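Participant: Just a sequence and a predicted model for now, questions to come.
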Amino acid sequence: QVQLVESGGRLVQAGGSLRLSCAASGSIFSVNVMNWYRQVPGKAREWVTSSTIAGTTNYLDSVKGRFTISRDYSKNTVDLQMDSLKPEDTAVYYCNAIGVRLRDGTFLQGNYWGQGTQVTVSS
């Protein structure tokens, strides 16, 4: 019912910028919280940033001042602008949605994930 598709990941040099996008589809009216996570092979998935339907944003300390999350509530998309990238930002980045209201009024409390997009920052 709910699908998330990320795009924008690629190889970039340290100090560079990248913008990831995530589109939620499936007759969606609204999404309560949209998050970005990242994962490095062999490590647990790590929360990076979140944006609530009220407009509140939060960031992992290590990305504060460098990453910016933004949402288009009408399109149910969320972007992640990443500046001053570091090699340690290299990971697969995942879009996540929590609390989805469909156009027919149904509320889905589930946790939805995209397939991930690879970001590689070279030193």
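Facilitator: All right, it came through fine.

Participant: partners of the lowest-mean-pLDDT helix or strand in the chain, with directions?
Facilitator: Least confident helix or strand of the chain, by mean pLDDT, DSSP states H and E, is strand 107-113 with a mean of 94. As defined by DSSP bridges, the strand partners of strand 107-113 come to strand 91-102 (antiparallel).

Participant: that older thread, next structured bit after the least confident helix or strand of the chain?
Facilitator: strand 117-122 (DSSP states H and E).

Participant: Contacts made by that following strand with the rest, please.
Facilitator: Strand 117-122 is contacted by residues 6-14, 16, 18, 20, 38, 82, 85-93 when judged by CB atoms under 8 Å, 6 or more residues apart in numbering. (C-beta placed from N, C-alpha, C; glycine too.)

Participant: In that strand, which residues are buried?
Facilitator: For strand 117-122, the neighbour count (16 or more other CB atoms under 10 Å) marks T117, V119, V121 as buried.

Participant: Please tell me how far the last one sits from P87.
Facilitator: According to CB to CB, to the nearest Å, V121 and P87 sit 5 Å apart.

Participant: what is in contact with those two at once?
Facilitator: With CB under 8 Å, 6+ apart as the test, V121 and P87 both reach A14.

Participant: Just give me the residue closest to the centre of this protein.
Facilitator: Against the mean C-alpha coordinate of the chain, by CA atoms, centre = their mean, the closest residue is W36 at 2.9 Å.
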